[in-house]
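Engineer: Sequence first, then the predicted structure, then my questions.
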Amino acid sequence: MSCQRGKGIILGKVLRIQMLGGFAMHYGEDAVVLKKIGSSKSIRLFQMLLLSLPGGISKSEIMDNLYGWNEKADMANRNMNLNNLIYRLKGQLTAVGLPKKEYVEVREGMCYFNDSISLELDTQEFEETLRQAKDEKGAKRTSLLWKANELYRGELIPANLSDMWFFQKSKYYKKLYIWATQELENQLQKNWDYKNRLQLYARAASIYPFENWQLKLMRCNLEMYRYDEALEIYHDTVELYAREMGSAPTDEMQECFESLELMDENHQRDVNDADSWRNMDKVFRGKREDIQKAIFTEKDVQGAYYCTYPSFVDYCRIVVRAKERNDFPAVLMFLTLSQKKNTQRPMDLQEQMQLLKGVIGDSLRIGDAFTRYGNRHFILMMVKTRMEFCGMIFRRIEGVYSQRAGKGELWYYADMTQELDRASAGV
């Protein structure tokens, strides 16, 4: 969509601006990047003006957002600061190759972006597409909803989400996206269109990975009898939640995973039909080889066993139960990776965590297990190990990590499992 309100618009090159999912600009075929001069306030001003087209935005709203509200603030100074910011913005826009124009118009206490060049905003195109979709029916409506779905690449200018003004705007666009997605979902379900439902859910899950879209993706795969795909989605989601949030997925997703059923060759089952149940048993017996492969795939097993956080919790529970019958020591070690002090260059956290994962696996014994917990932590379960050996184990891990060019700093905390058990019981 092109914003062409003003007269005397320069034809030819178009300034295309993306704000959904990130901020990017193209003038004609060339990518342009606004260079920061001092702070980034001038760029935020530019973004606020664009998001306020065509109605404009009051000077007071801009100043409150950029400079904060202070009852004792000198209004004259705030006005002067804003005027300087407008002048600075003009210089930034012309510096990247845009025509020399007065891009900001101030009139009766309002600020307007003077779009005297051809301008296309993804936010306006997104809104306009949905407005048209609401007035259409049938295939035309569906086509417009798909177009809007593709235009939405993610949160509005994610780098600005800590700013309440931009956060509220982002919530507005997200609400529109969710509405469009649900409308498409309803239409696709009516048409039994599984293929496009998978595409719809997968895209939503990539944009909002922690809002349970994977559950819809799993269920759609189950409706298509794609059990392996549903299982893979579940395990990938478990890994994601454990890595980024240090927690398991929702109970609803866990229930969906536990409800996976083996169907007969026709993917049908009559609960009152004994033959149907016998057919299911045949399928189950046919899966015996797959189950064996899943359990006994590893050959020449070495080092500790790495697993996702929910699997690690189950493993620890088994260890605690086993200790009731055969008493043996077991230690939980909490290992943390931090940035080294007095280091100017920040380390690549994901790269270092991946390196540390390999180090832990190689440094522990075959009967031990470990998992990642959040962005900077690992939890280790070491069986038949006493507390007094933890320092030695930590130094071994630290030494191997250093030998493999580890750039972070490690520290640990350890406790016997029975001590943790007492603490949780309030003893």
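Structural biologist: Thanks, I have it. Since we're looking at a predicted model, the values are computed, not measured. Numbering: from 1, shown residues only.

Engineer: elements contacting whichever strand or helix holds Ile233?
Structural biologist: Element membership of Ile233 [criterion: DSSP states H and E] is helix 227-244. Here helix 227-244 touches helix 213-223, helix 251-258, helix 309-325, strand 369-373, going by 3 or more C-beta pairs under 8 Å, 6 or more residues apart in numbering; DSSP states H and E. Backbone N, C-alpha and C define where each C-beta goes, glycine included.

Engineer: Low-confidence stretches in the stretch 151-300 of the chain?
Structural biologist: 258-300 (pLDDT under 70).

Engineer: for the stretch 301-427 of the chain, that is, sorry about that
Structural biologist: Using pLDDT under 70, the stretch 301-427 of the chain drops low at 417-427.

Engineer: ok, 80 please
Structural biologist: The stretch 301-427 of the chain contains residues with pLDDT under 80 at 301-302, 310, 324-325, 341-346, 374-375, 415-427.

Engineer: so where do the helices sit in it?
Structural biologist: Counting by DSSP state H, counting those that start in this stretch, the stretch 301-427 of the chain has helices at residues 309-325, 349-363, 390-403, 417-425.

Engineer: In CSV, list those along with mean neighbour count and distance to Ile207.
Structural biologist: Converted to CSV, those look like this (neighbours: other C-beta atoms under 10 Å; distance: least, C-beta to C-beta, whole Å):
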stretch, mean neighbour count, distance to Ile207
helix 309-325, 15, 24
helix 349-363, 16, 20
helix 390-403, 15, 35
helix 417-425, 12, 38
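
Engineer: and the helix holding Ile233, how far from the chain's centre?
Structural biologist: For helix 227-244, the separation from the chain centroid amounts to 14 Å (computed by C-alpha atoms, centre = their mean, to the nearest Å).

Engineer: now do stretch 211-223
Structural biologist: With C-alpha atoms, centre = their mean, you get 17 Å for stretch 211-223.

Engineer: CA atoms only for it, dumped as PDB, please.
Structural biologist: Extracted C-alpha coordinates of stretch 211-223, given in PDB (Å, rounded to 0.1, in the frame of the first residue of the first chain):
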ATOM      1  CA  GLU A 211       2.200 -19.700  23.000                       C
ATOM      2  CA  ASN A 212       1.200 -23.400  22.400                       C
ATOM      3  CA  TRP A 213       0.900 -23.300  18.600                       C
ATOM      4  CA  GLN A 214       2.900 -26.600  18.600                       C
ATOM      5  CA  LEU A 215       0.000 -28.300  20.300                       C
ATOM      6  CA  LYS A 216      -2.300 -27.400  17.300                       C
ATOM      7  CA  LEU A 217       0.500 -28.600  15.000                       C
ATOM      8  CA  MET A 218       0.700 -31.900  16.900                       C
ATOM      9  CA  ARG A 219      -3.000 -32.500  16.800                       C
ATOM     10  CA  CYS A 220      -3.200 -31.700  13.100                       C
ATOM     11  CA  ASN A 221      -0.500 -34.300  12.400                       C
ATOM     12  CA  LEU A 222      -2.400 -36.800  14.600                       C
ATOM     13  CA  GLU A 223      -5.500 -36.200  12.500                       C
END
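
Engineer: Surely Tyr201 and Asn221 touch.
Structural biologist: No. No contact is recorded between Tyr201 and Asn221 when judged using C-beta atoms under 8 Å, the distance being 9.3 Å.
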